[in-house]
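dropping the sequence and predicted coords here.
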Amino acid sequence: MDISLKQVEYRYSLGTPFEKLAIKDIDLEIPSQMYLAVIGHTGSGKSTLLQHLNALLRPTSGEVKIGDTTVTSNKKPKGLKPIRQKVGIVFQFPEHQLFEETVLKDICYGPMNFGVSQEEAEKRALKLIKQVGLPESILEKSPFDLSGGQMRRVAIAGVLALNPDVIVLDEPTAGLDPRGRKEIMDMFYQLHKEKELTTILVTHSMEDAASYADELVIMQKGRIKGRGKPVEIFSKPEELLELGLDVPDVVRFQYKYEKQLGRPLSKTCLSIDELATEIMKERERGDVK
Ligand SMILES: Nc1ncnc2c1ncn2[C@@H]1O[C@H](COP(=O)(O)OP(=O)(O)OP(=O)(O)O)[C@@H](O)[C@H]1O
């Protein structure tokens with residue numbers, strides 16, 4: 001399912017003394033099955049943008065197309081439910097929204113609310129609990145007896161239980177330890193590939209943006225400042241650093257190395273292995289120590 005935004009602007013508290021422009025001039029095409037990462041400073045409008053992707057927010061002006069449905073300021077989509085089913089959002093700390101007595105009931109709540117039979121919902125829960133890396137036995141436990149990382153996975157299974165075509169991730173690993181972060185990010189990547197899920201990730205982690213995304217969008221002060229493949233975006237680290245954004249460690253190493261070398265390497269490397277190979281090649285040429 002393709003999503004597109006045309007000249008989207010959003011103002012919070014429109015028409016009040018607290019009116020606040022959050023995003024402006026947003027033109028964005030997200031083709032089906034893409035993995036897109038949205039990066040930018042705090043307050044640059046990333047979360048506001050995300051909430052337009054399943055009509056949680058409607059633009060103050062401009063137009064959002066989600067599949068065949070058009071959302072504008074004065075055009076409330078007829079069926080919001082299908083959009084909410086097709087586009088699942090995993091907010092920061094999604095475990096705060098767990099509320100049922102058992103994990104099974106929690107995962108089944110969403111689909112049953114959308115008219116899926118209990119039998120089908122339970123079938124999905126059983127499959128998903130394994131996909132998010134948890135044992136089947138956890139289904140009968142109270143979600144509140146689980147660790148933070150387990151709760152996060154249960155909450156993610158609840159979003160996936162709606163069988164979305166698109167999944168929107170707003171800093172989905174916030175607060176997890178490095179191992180938990182990697183496991184969750186790898187899991188989303190696998191789901192993206194296996195289920196052909198269009199994936200939109202908001203992240204402050206440049207490593208994650210570089211490792212997983214097909215393309216990156218840079219937001220600054222409510223506008224889109226740039227878009228490109230990770231290797232294109234990170235091949236100009238100075239521009240990102242000027243915007244006050246970070247770059248992956250490997251890009252920083254390459255940048256320093258090139259300064260010493262006095263010329264660029266033949267390509268931008270996004271992994272340590274790639275960079276090591278490039279440096280070896282330089283050394284084999286014999287003009288570098
Ligand atoms: N509910 C709200 N009411 C008024 N202004 C808001 C509201 N939510 C966000 N804003 C403002 O809109 C702008 C964009 O905020 P947004 O949360 O979209 O940024 P962000 O890039 O997601 O930030 P972060 O990385 O901190 O989550 C900011 O200036 C913010 O203060």
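On my side now, so go ahead.

number of residues surrounding residue 277?
Counted with other C-beta atoms under 10 Å, residues neighbouring residue 277 total 12. All C-beta atoms are positioned from the backbone trio N, CA, C, and that covers glycine.

and for the one 5 residues further on?
Residues contacting residue 282 under the criterion other C-beta under 10 Å number 16.

and the helix or strand that contains it, what's buried?
According to DSSP states H and E, residue 282 maps onto helix 272-285. Applying a neighbour-count criterion of 16 or more other C-beta atoms under 10 Å, one finds 275, 278, 279, 282 buried in helix 272-285.

which one of the residues you listed is nearest the ligand?
Nearest to the ligand among these: residue 275, at 28.8 Å, using C-beta to the nearest ligand atom.

for that closest one, what are its contacts?
Shown in contact with residue 275 (C-beta atoms under 8 Å, 6 or more residues apart in numbering): 250, 253, 254, 257, 269.

save those residues as a markdown table, and put in neighbour count and pLDDT too.
Listed next are these as a markdown table, based on neighbours: other C-beta atoms under 10 Å; pLDDT from 0 to 100:
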| residue | neighbour count | pLDDT |
| --- | --- | --- |
| 250 | 21 | 90 |
| 253 | 16 | 87 |
| 254 | 26 | 87 |
| 257 | 17 | 86 |
| 269 | 23 | 89 |
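
what comes up buried for stretch 222-237?
Those would be 222, 224, 225, 226, 227, 230, 233, 234, 235, 237, for stretch 222-237 by 16+ other C-beta under 10 Å.

likewise stretch 258-267?
Those would be residue 265, for stretch 258-267 by 16+ other C-beta under 10 Å.

now swap in stretch 192-203 and tell me
By neighbour count on 16+ other C-beta under 10 Å, the buried set for stretch 192-203 is 192, 195, 197, 198, 199, 200, 201, 202, 203.

the ligand contacts on this protein?
Counting by C-beta under 6 Å from any ligand atom, the chain comes close to the ligand at 12, 13, 20, 22, 40, 42, 43, 44, 45, 46, 47, 48.

just the buried residues from these, in PyMOL please.
A single PyMOL command selects the buried members of the residues of the chain next to the ligand (16+ other C-beta under 10 Å):
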select buried, resi 22+40+44+45+46+47+48
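
helices - which of the residues of the chain next to the ligand land there?
Among those, the members falling in helices (DSSP state H) are 46, 47, 48.

generate a markdown table for the residues you listed, with pLDDT and distance to residue 139 as supplementary columns.
Below are those laid out as a markdown table (pLDDT from 0 to 100; distance: C-beta to C-beta, whole Å):
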| residue | pLDDT | distance to residue 139 |
| --- | --- | --- |
| 46 | 96 | 34 |
| 47 | 94 | 31 |
| 48 | 96 | 36 |
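
what about the most centrally placed residue in the chain, distance to residue 115?
Nearest residue to the geometric centre of the chain (C-alpha atoms, centre = their mean): residue 201, 1.1 Å. Here the criterion is C-beta to C-beta, to the nearest Å. By it, residue 201 lies 29 Å from residue 115.

same question for residue 147.
The gap separating residue 147 from residue 115 is 33 Å, by C-beta to C-beta.

with residue 235 instead?
Counting by C-beta to C-beta - residue 235 and residue 115 are separated by 48 Å.

can you redo the buried residues of stretch 192-203 as JSON lines with secondary structure, distance to residue 134 and pLDDT?
Shown next, in JSON lines, are these (DSSP: H, G, I helix; E, B strand; the rest coil; distance: C-beta to C-beta, whole Å; pLDDT from 0 to 100):
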{"residue": "192", "secondary structure": "helix", "distance to residue 134": "19", "pLDDT": "94"}
{"residue": "195", "secondary structure": "coil", "distance to residue 134": "18", "pLDDT": "89"}
{"residue": "197", "secondary structure": "coil", "distance to residue 134": "19", "pLDDT": "95"}
{"residue": "198", "secondary structure": "strand", "distance to residue 134": "25", "pLDDT": "97"}
{"residue": "199", "secondary structure": "strand", "distance to residue 134": "21", "pLDDT": "97"}
{"residue": "200", "secondary structure": "strand", "distance to residue 134": "24", "pLDDT": "97"}
{"residue": "201", "secondary structure": "strand", "distance to residue 134": "22", "pLDDT": "97"}
{"residue": "202", "secondary structure": "strand", "distance to residue 134": "25", "pLDDT": "95"}
{"residue": "203", "secondary structure": "coil", "distance to residue 134": "23", "pLDDT": "93"}
